[in-house]
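Undergrad: Here is the input, now give the coordinates:
(chains A, B, C and D)
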There are 2 protein chains.
Amino acid sequence: MSVRVLIVDDHPIVRQGLRAALEDGGLSVVADVGTGERALELVPELRPDVVVMDLQLGAGLDGAETTRLLRALPEPPRVLVLTTYDSEADILRAIEAGATGYLLKDAEPGELRAAIATAARGETVLAPSVATRLVSRVRAPARTLTARETQVLRMVAEGASNAAIARELFITEATVKSHLVQVFAKLGVDNRTAATAEARRRGVIR
Amino acid sequence: MSVRVLIVDDHPIVRQGLRAALEDGGLSVVADVGTGERALELVPELRPDVVVMDLQLGAGLDGAETTRLLRALPEPPRVLVLTTYDSEADILRAIEAGATGYLLKDAEPGELRAAIATAARGETVLAPSVATRLVSRVRAPARTLTARETQVLRMVAEGASNAAIARELFITEATVKSHLVQVFAKLGVDNRTAATAEARRRGVIR
DNA sequence: CCCGGCCTCCAACTTTGGTTGGAGGCCCGC
DNA sequence: GCGGGCCTCCAACCAAAGTTGGAGGCCGGG
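TA: Residues are numbered from 1 along each chain as shown, chains lettered A, B, ... in the order given. Below you'll find the model as predicted:
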């Protein structure tokens, strides 16, 4: 019996392409939808084995959040993330939300079908570039930013001053500077603009 | 006789989706290719009326450059850009490269087919959000950055210091600061990190 | 229980960035 | 030929940002 798939992507063109690619390969596409909300409605009813999920879904629920909610259902489907970006932040969010796999949209239809079969069996499947990122993250002994540091960095990237950040977070400017010292050291830079550039490059912010 | 279309997109899934959407609508897809180079090879031979072009094409020629080269051919095809982003920089580059239209990938298949018909007649077709950006750009009396200002801003966004920028451009730091004063005023901000954030938001840098 | 990481804060200092109000040369279009 | 935009440069000042070398409280794991 063939694997039952539900497609979540906000682009109609991509939905149509996926459907064609999967049905050509003998898979059964039970539905294709454009929003996370719609996916949450249909999954309990249609019981797909695998949900193919885009991360960027326009307004409303995003792909990672939808994945988390789907995985919280009784007898949840496997979720295979299929997206354009391989930023570290996206990958980590998706995996920690419970995704069984992470593929990029430049995948060939054949790879994609193989990945769905693998995901249906509950085995993890990662695109090569995604795997590389994860491995290098494990190897590099986690010069990883803490939650607070990331939060501060994100505000810096928006153009906020230290004073503004302090106000918004109800801490002193001294503390903001302390966090930034850590951030600069971890990213190997020495000023805030370089930090946002490097963070973007590494994908810790988008 | 039906409109002849050639598809250029680096994602096989999207190519398949586009092909399905267009053929369902009675259009004739003469080929779909993944690179600009391949498009340049096939167009003189297949003579499509309209080329549907993604801007992001991975390695090699990008969509804007490919558009420019296609439009330089004898009896060139119309080029309809179909992409994910509506950044000002992308839009301007595409239009000035000779694109006849600019649509976003969240378009419905029906809209897309209508746009192709319009483009085939040589009329311009813009997605609403793209049109809005263009109009607001015309209305706002061109608080537009000069070449030099953009160059400096781009280096700022990379995290370069004023001193580093001065060195690289063979000008003094005073000049760099002068340019930045202009940039800040035009973008309505008062520091370099906010400037890069705003520039990114407006799509003047990516 | 104590160690380590995280978050908070401080003072005092140096450096960089940003502001103000200029100026001159160049080139283009009117 | 001249006005205007662009690019260049200057001095001097003020305001942020970044550095250094601390410290204390909290929490979770060994």
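Undergrad: who touches A:Thr193 in this structure?
TA: Contacts for A:Thr193 were tallied using C-beta atoms under 8 Å, 6 or more residues apart in numbering or on different chains; they are B:156-160, B:192-193, B:196. Glycine gets a C-beta too; all of them are placed from N, C-alpha and C.
Undergrad: now, which of these lie within helices?
TA: B:156-157, B:192-193, B:196 (DSSP state H).
Undergrad: how about the residues of chain A that lie near DNA strand C?
TA: By C-beta under 7 Å from any atom of the strand, the residues of chain A that approach DNA strand C are A:146-149, A:169, A:171-172, A:174-175, A:177-179, A:191.
Undergrad: Can you tell me which of the ones in helices among the contacts of A:Thr193 is nearest chain A?
TA: Closest approach between the ones in helices among the contacts of A:Thr193 and chain A, by C-beta to the nearest C-beta: B:Thr193, at 4.7 Å.
Undergrad: Could you check how far that closest one is from B:Val130?
TA: 28 Å (C-beta to C-beta, to the nearest Å).
Undergrad: Helices along chain A, start to end?
TA: Secondary structure of chain A (DSSP H): helices at A:12-24, A:36-46, A:63-71, A:88-96, A:109-120, A:128-139, A:147-157, A:162-169, A:173-187, A:192-202.
Undergrad: right, is the last one up against DNA strand D?
TA: Yes - counting by C-beta under 7 Å from any atom of the strand, contacts between helix A:192-202 and DNA strand D involve A:192-193.
Undergrad: Buried residues in that helix, which are they?
TA: By 16 or more other C-beta atoms under 10 Å in any protein chain shown, the buried positions in helix A:192-202 come out as A:192-200, A:202.
Undergrad: show me the contacts for the residue lying closest to A:Ser87 once chain neighbours are set aside.
TA: Excluding the flanking residues, the one nearest A:Ser87 by C-beta to C-beta, 6 or more residues apart in numbering or on different chains is A:Gly203, at 3.0 Å. Contact analysis of A:Gly203 by C-beta under 8 Å, 6+ apart lists A:85-91, A:133.
Undergrad: circling back: any chance of CSV for the helices of chain A, columns mean pLDDT?
TA: What follows is these, written out as CSV (pLDDT from 0 to 100):
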stretch, mean pLDDT
helix A:12-24, 93
helix A:36-46, 95
helix A:63-71, 91
helix A:88-96, 80
helix A:109-120, 93
helix A:128-139, 73
helix A:147-157, 91
helix A:162-169, 90
helix A:173-187, 90
helix A:192-202, 91
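Undergrad: so what's the closest residue to A:Leu46 other than its chain neighbours up against?
TA: Among residues not flanking A:Leu46 along the chain, A:Val30 sits closest, at 4.5 Å (C-beta to C-beta, 6+ apart). By C-beta under 8 Å, 6+ apart, A:Val30 lies in contact with A:4-6, A:42, A:46, A:48.
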